[in-house]
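> would you be able to build a 3D model of this:
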Amino acid sequence: MGYGRRGHVLSESVTFSAPTRIDLAGGTLDIWPVGLLVPRAATVNAAISLRARATVSPGPRFRVVNQQRGLDLSSPAPEAFFGHPFAALAGRLLEFFRPAGPLEIRFETTAPPGSGLGGSSSLGMAIAGALNEVTGAGWTIPQLVRIVMDTEVRILRTATGSQDQFAAALGGTRVHHWVSPEPRSEPLPWMEDGADPLEERLVLVYTGEAHSSADPNGSVLERIFAGEASAVRGIEVIAEAAYRMRDALLERDWDGVSETLDLEWRARRALSEAVTTTTIERLGDAMRHAGARAVKACGAGGGGTMIAIAPPEGRQAVVAAASAAGGQVLAAASDPMGLRQEPA
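The predicted model follows:
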């Protein structure tokens, strides 16, 4: 039996899960203070069913376990996990929540490593949700979003955004408006007569190249903060694309969605050479030749996962083309649920 910070008794395991996301438009604007540099800033994303799951239970020592990676570390104190690439997130969150006694964290993920789908933030939200419950800390969802974002900054030692954490926390398809003093999330229609776009129109393809947002984002932010005219205009186009995407989804205009996705990707590629790779270009060409209306990389690009949009009758041809070109087509559904506690 363990005890949380407020005397909350933990006698059994507690499990939370959170979704990953695809971003449709407006990425990078969620990285403070980029969103302040355009007249209006927003990011449109959709939660997907490739969820991360974390189970917290009492134990004799602090312990972090992930069987997928063969990870099993234990220590008298969470600080021992800080230097391990796959245990640092759990260790830092244990440090923040300060449970009164040792806890074990077992986690699993379903998104490929380095997928650009916000997997680390999804895992962070799942761990934070579970720790928030077992310690009785009482942090709100917006506070948990900030806690996870700040924890990731401490680990990565680079600027990070918050669109991934909001998608993991709230689920569904949303436009996140980056306004002061607090961001505002607006739900958007997504299902059409019960049909899931991820099954009817969209194709998710993992490139096989693990993405890292640090290089693409770093070069983009450097140019923006230096005031380079082309970079400033590029980020303005991305901001405009986010609101065009919002309007297209509200109007159920899938041609508009495709056109805007393509506009956003062209603007993003122009911002940095690190955004795209030879593999991304090869897979994109293959899917376009098979009938995809638009293609873009998720997140900051540089590898990871790609999204393609195709008409329903042509989706299978795009799936086949992506597989033939060496991509791994991911099976995922839209996920209306955000952070949640799973039944025991």
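> and residue 83, how far from residue 73?
From residue 83 across to residue 73, the span is 10 Å (C-beta to C-beta, to the nearest Å). For every residue, glycine as well, the C-beta is placed using N, CA and C.
> swap in residue 120?
Counting by C-beta to C-beta, the gap from residue 120 to residue 73 is 18 Å.
> one step back: and residue 83 and residue 73? which has more neighbours close in?
Between residue 83 and residue 73, counted using other C-beta atoms under 10 Å, the more crowded position is residue 73 (17 against 9).
> after the strand or helix carrying that one comes which helix or strand?
Per DSSP states H and E: residue 73 is located in strand 71-75. Downstream of strand 71-75, the first helix or strand assigned by DSSP H and E is helix 88-97.
> ranges for the helices of the chain?
Taking DSSP state H as the criterion, the chain carries its helices at 88-97, 119-135, 141-156, 163-170, 197-200, 214-225, 229-250, 254-271, 278-289, 315-324.
> off-centre distance for the fourth one?
Here the centre of helix 163-170 is set off from its chain's centre by 7 Å, with C-alpha atoms, centre = their mean, to the nearest Å.
> taking helix 119-135 as reference, get the angle to it.
Counting by axes from the mean of the first three to the mean of the last three C-alpha atoms, to 10 degrees, helix 163-170 lies at 40 degrees to helix 119-135.
> so helix 163-170 versus helix 141-156, what angle?
140 degrees.
> which elements pack onto helix 163-170?
strand 14-25, strand 42-58, helix 119-135, helix 141-156, strand 173-177 (3 or more C-beta pairs under 8 Å, 6 or more residues apart in numbering; DSSP states H and E).
> domain ranges for this protein, per the record?
2-188, 197-329 (automatic domain parsing).
> first-to-last residue distance for the shortest one?
For domain 197-329, the first and last residues are 15 Å from each other (C-alpha to C-alpha, to the nearest Å).
> check stretch 73-93 too.
Start-to-end, stretch 73-93 (C-alpha to C-alpha) is 15 Å.
> ok, stretch 181-196 next?
End-to-end span of stretch 181-196 (C-alpha to C-alpha): 34 Å.
> could I get the average pLDDT for it?
For stretch 181-196, the mean pLDDT works out to 92.
> from residue 26, how far out is residue 147?
23 Å.
> who's more crowded, these two?
Taking neighbours as other C-beta under 10 Å, residue 147 and residue 26 compare with residue 26 leading, 30 against 22.
> ok, the more buried one touching residue 38?
No: between residue 26 and residue 38 there is no contact under C-beta atoms under 8 Å: 10.0 Å.
> so what's the nearest residue to residue 275 once chain neighbours are set aside up against?
In space, not counting the residues next to it along the chain, residue 275 is nearest to residue 301; the distance is 3.9 Å by C-beta to C-beta, 6 or more residues apart in numbering. Going by C-beta atoms under 8 Å, 6 or more residues apart in numbering, residue 301 touches 116, 211, 216, 268, 269, 274, 275, 276, 277, 280.
> just put those residues in CSV and tack on pLDDT.
Converted to CSV, those look like this (pLDDT from 0 to 100):
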residue, pLDDT
116, 93
211, 75
216, 74
268, 93
269, 92
274, 86
275, 90
276, 93
277, 94
280, 97
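> and those, which are buried?
Using 16 or more other C-beta atoms under 10 Å as the burial test, the contacts of residue 301 include 116, 211, 216, 268, 269, 274, 275, 276, 277, 280 as buried.
> the fifth one and residue 238: what is the separation?
Separation of residue 269 from residue 238 (C-beta to C-beta): 11 Å.
> just checking, residue 235 touches residue 33?
No: counting by C-beta under 8 Å, residue 235 stays clear of residue 33, with 11.7 Å between them.
> number of nearby residues for residue 295?
When neighbours are counted by other C-beta under 10 Å, residue 295 registers 26.
> that one contacts residue 289, doesn't it?
No: in this structure residue 295 lies outside contact range of residue 289 using C-beta under 8 Å: 10.8 Å.
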